[in-house]
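Q: I'd like to go over a predicted model; first the sequence, then the structure.
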Amino acid sequence: MVFVGIWQAYVSLFDVSPLLVASPLDVGDSFIAGWTSGELASATLLTLKILGMGMAFGMTAAAVFTTVATWTRIGEDVLVLLTSMLNPLPSIAILPLAILWFGLSSTALVVVIANAVTWPIAINLSMGFRTVPSTLLMVGRNLGLRGARMVKDVLMPAALPHIISGVKTGWAFGWRTIIAAELVFGVAGGGGGLGFFINESRYFLRVPDVFAGLVTIALIGIALETLFNLIEKKTVIKWGMKGEAETDTTPARSQ
Amino acid sequence: MSERLPKTNQATSSREPLLAVDHVQIGYNVDKKLNIAVRDASFEIFAGEKMMLLGPSGSGKSTILKAVAGFLKPVGGRIVIAGRESLEPEPDRAVVFQEFDQLFPWRTVEDNVAYSLRVTGRDKREAAATAKRYIEMMGLSLAADRYPHQLSGGMKQRVAIARALALDPLMLLMDEPFGSLDAQTRSRLQREVHEISERTHVTILFVTHSIQEALFLGDRVVVLADAPSHVQEIVDVSGADDPDSEEFITLRRHLRQLLAEDEQDVHHAVFE
Ligand SMILES: Nc1ncnc2c1ncn2[C@@H]1O[C@H](COP(=O)(O)OP(=O)(O)OP(=O)(O)O)[C@@H](O)[C@H]1O
Ligand SMILES: [Mg+2]
């Protein structure tokens, strides 16, 4: 609120060019107009849809990789090699390659997102599996649990703190990547998501719309952060499992 | 409460041992080399009996218990339980561990017990009712809806015992379940387990390195010798429950000599 006040004051008092910084009131108007006209809403939905698909593929891939890696010795070496190679690579960097392979399509975007989220989730998941207390595994075996039942009833819940922080990091990577990718797509003339909306608004000098797009990005970020915190509160924090496992095992990295 | 009387009585009447550990040798693979941890162990446990495994640290007590539980395969000899050999871990030998993290942190006290019953084939209603009964028996009713992290160490071990007893196992395998507890809580839980076992006649294999605990809880004591581990002697201690009795003191002296820790007061034995 204070921030918005200062922002409005800055724009009003210093007579800033509306082509550089839009006033909060204008941004508010554009934000509401964009959502009521459906333009901003459909752009956001498209972005979230592609992100969701990428996340789904990425999470599945991470689950498969990690399970294979946990089961086999060689698998673990391969996973370590792949994650150490691909995780530090800014995920947007493989966009040109994805475009080359899949054209200017949403498939290319999904591939880029999937790659962005797979590695942080895989790292956290395998860390989660490896740190399950051996006593708990013995209790599971003692109860006659084997295979899938053991994974579902013991390994997964025991690794939940790591799984959640993996998905959290994966989502953050995916979200940044898709906006960046859409900005690139916007330049190339395809797409239609939130990044594209921002880029197009810039092109037509609709500065309040640019800001409305940014506000949308920020709001979605806050909403998902809140959702993750809520999930943690209802699960791992309530169960007293989030202590040492709290720290993220993925090194921070910017796009 | 009169749980499990039929099963035990039946087995007791025919003097077949419930568990036979027959010249068992157990090792661990360390760097592709087999390290023998237990060289030669033999003993039998009859239904309803409380057998204590006593020995210094590293004498292979946990190793033998894990082999009986099915977590380790002996490299020699045989382990026969109720006529069956070469066993996988199954809930018919319910294990209580020393570690406090043996409870599922994401399940409440009651659900920890009820879940174990559900996955071992009881229907939901029966599981819930049985879980309630055993939780009450271990004096945990007020904590039934709490999560494990909200319990003290002693309460956690009580839940683990309730969970194991509720499974109505052929035998209870306990690996120093009170080893991490303070002396007061430990002796309280010893009394409770003693009382419950007198009442239910549950068969117990109990690992300890406290002579006092072995004498108080046990009917017989398998005394293990250290490296290379083997059975030194099997001592009948069934009469020695009262720490002030003549028999208790005589047996304690005997066990101390076996363990060669004459001067040391077992009450102050160092627990890992
Ligand atoms: N996982 C393992 N891998 C290799 N060696 C092991 C392993 N577990 C135990 N050992 C070895 O086997 C021997 C017996 O160990 P065990 O844990 O059975 O002893 P214990 O009598 O239970 O001792 P404590 O009273 O300290 O619990 C020890 O020499 C130990 O070093
Ligand atoms: Mg031990």
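A: Perfect, thanks for sending it. Numbers count the residues shown, from 1 in each chain, chains lettered A, B, ... in the order given. Ligands and ions are numbered 1, 2, ... in the order given.

Q: make it CA atoms for all contacts and neighbour counts henceforth
A: OK.

Q: just the C-alphas of the helix or strand where A:Leu81 lies, formatted as CSV.
A: In this structure, A:Leu81 sits in helix A:73-86 according to DSSP states H and E. Coordinates of each C-alpha in helix A:73-86 appear next as CSV, following Å, rounded to 0.1, in the frame of the first residue of the first chain:
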residue,chain,number,x,y,z
ARG,A,73,23.4,-48.2,-9.0
ILE,A,74,24.0,-47.1,-12.6
GLY,A,75,20.8,-45.1,-12.6
GLU,A,76,22.0,-43.0,-9.7
ASP,A,77,25.3,-42.2,-11.5
VAL,A,78,23.4,-41.1,-14.6
LEU,A,79,21.0,-39.0,-12.6
VAL,A,80,23.9,-37.2,-10.8
LEU,A,81,25.6,-36.6,-14.1
LEU,A,82,22.5,-35.3,-15.8
THR,A,83,21.4,-33.1,-13.0
SER,A,84,24.9,-31.6,-12.5
MET,A,85,25.0,-30.9,-16.3
LEU,A,86,21.5,-29.7,-16.9
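
Q: wait, does that helix make contact with chain B?
A: No - judged by CA under 8 Å from any CA of the partner chain, helix A:73-86 and chain B are separated, with a smallest distance of 15.1 Å.

Q: and whatever residue of the stretch 1-150 of chain A ends up closest to ligand 1, how many neighbours?
A: Of the stretch 1-150 of chain A, the residue with the smallest distance to ligand 1, taken as CA to the nearest ligand atom, is A:Ser134 at 10.9 Å. A:Ser134 sits with 12 neighbouring residues when counted by other CA atoms under 10 Å in any protein chain shown.

Q: and B:Pro74, by the same measure?
A: The number of residues packed near B:Pro74 is 22, by other CA under 10 Å.

Q: tell me who's in contact with it.
A: B:24-27, B:67 (CA atoms under 8 Å, 6 or more residues apart in numbering or on different chains).

Q: SS state for it?
A: Three-state assignment for B:Pro74 (DSSP: H, G, I helix; E, B strand; the rest coil): coil.

Q: packing partners of the host helix or strand of B:Thr63?
A: For B:Thr63, the element it lies in under DSSP H and E is helix B:61-69. Helices and strands touching helix B:61-69, as assessed by 3 or more CA pairs under 8 Å, 6 or more residues apart in numbering or on different chains; DSSP states H and E, comprise strand B:19-30, strand B:33-45, strand B:93-96, strand B:171-175, strand B:203-208.

Q: pull out the buried residues from the first one.
A: If I follow you right, that is strand B:19-30. B:19-28 (16 or more other CA atoms under 10 Å in any protein chain shown).

Q: out of the residues you listed, who's nearest B:Ala166?
A: Ranking these by separation from B:Ala166, with CA to CA as the measure, puts B:Leu19 on top at 20.5 Å.

Q: show me the contacts for that closest one.
A: Per CA under 8 Å, 6+ apart, neighbours of B:Leu19: B:44-46, B:79-82.

Q: how close does the closest residue to chain A within the stretch 151-272 of chain B get to ligand 1?
A: Using CA to the nearest CA, B:Leu167 is the residue of the stretch 151-272 of chain B that sits closest to chain A, at 9.3 Å. B:Leu167 sits 25 Å away from ligand 1, going by CA to the nearest ligand atom, to the nearest Å.

Q: isn't that residue up against B:Ser116?
A: Yes - at 7.4 Å, B:Leu167 and B:Ser116 qualify as touching, with contact defined as CA atoms under 8 Å.

Q: pop the domain breakdown of chain B in here.
A: B:13-92+B:171-269, B:103-168 (automatic domain parsing).

Q: please enumerate the helices of the stretch 51-200 of chain B.
A: In order along the chain, the stretch 51-200 of chain B carries the following helices (DSSP state H, counting those that start in this stretch): B:61-69, B:109-119, B:124-137, B:153-166, B:183-200.

Q: any idea of the angle the shortest one forms with strand B:19-30?
A: An angle of 120 degrees separates the directions of helix B:61-69 and strand B:19-30 when computed by axes from the mean of the first three to the mean of the last three CA atoms, to 10 degrees.

Q: residues contacting helix B:61-69, please?
A: In this structure, residues lying in contact with helix B:61-69 by CA under 8 Å, 6+ apart are A:142, B:26, B:37-38, B:53-55, B:72-74, B:79, B:87-90, B:93-95, B:173, B:175, B:205, B:207-208, B:224.

Q: and the most centrally placed residue in chain A, what element?
A: Geometric centre of chain A, nearest residue: A:Trp171, 1.8 Å, by CA atoms, centre = their mean. A:Trp171 is located in helix A:160-188, with elements delineated by DSSP H and E.

Q: one step back: got the helices and strands packed on helix B:61-69 as a markdown table, with distance to B:Asp123 and mean pLDDT columns?
A: Conversion of these to a markdown table gives the following (distance: least, CA to CA, whole Å; pLDDT from 0 to 100):
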| stretch | distance to B:Asp123 | mean pLDDT |
| --- | --- | --- |
| strand B:19-30 | 29 | 93 |
| strand B:33-45 | 32 | 92 |
| strand B:93-96 | 19 | 96 |
| strand B:171-175 | 22 | 96 |
| strand B:203-208 | 25 | 96 |
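
Q: distance to A:Gly5 added to those strands, as JSON lines?
A: Conversion of these to JSON lines gives the following (distance: least, CA to CA, whole Å):
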{"stretch": "strand B:19-30", "distance to A:Gly5": "68"}
{"stretch": "strand B:33-45", "distance to A:Gly5": "73"}
{"stretch": "strand B:93-96", "distance to A:Gly5": "63"}
{"stretch": "strand B:171-175", "distance to A:Gly5": "66"}
{"stretch": "strand B:203-208", "distance to A:Gly5": "70"}
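
Q: return the most buried member of the ones you listed.
A: Highest mean neighbour count among the helices and strands packed on helix B:61-69 (mean count of other CA atoms under 10 Å in any protein chain shown): strand B:93-96, with a mean of 28.

Q: give me the sheet partners of that one and which way each runs.
A: strand B:171-175 (parallel) (DSSP bridges).

Q: can you name the residue of the stretch 151-255 of chain A nearest ligand 1?
A: At 20.5 Å from ligand 1, A:Leu155 is the closest residue in the stretch 151-255 of chain A, using CA to the nearest ligand atom.

Q: next, count neighbours for that residue.
A: If you count neighbours by other CA under 10 Å, A:Leu155 ends up with 21.

Q: who touches the closest residue to it other than its chain neighbours in this structure?
A: Leaving aside its chain neighbours, A:Leu155 sits nearest to A:Phe129 (6.3 Å; criterion: CA to CA, 6 or more residues apart in numbering or on different chains). Each residue near A:Phe129 by CA under 8 Å, 6+ apart is listed here: A:70, A:155-156, A:158-159.

Q: that'll do, ta.
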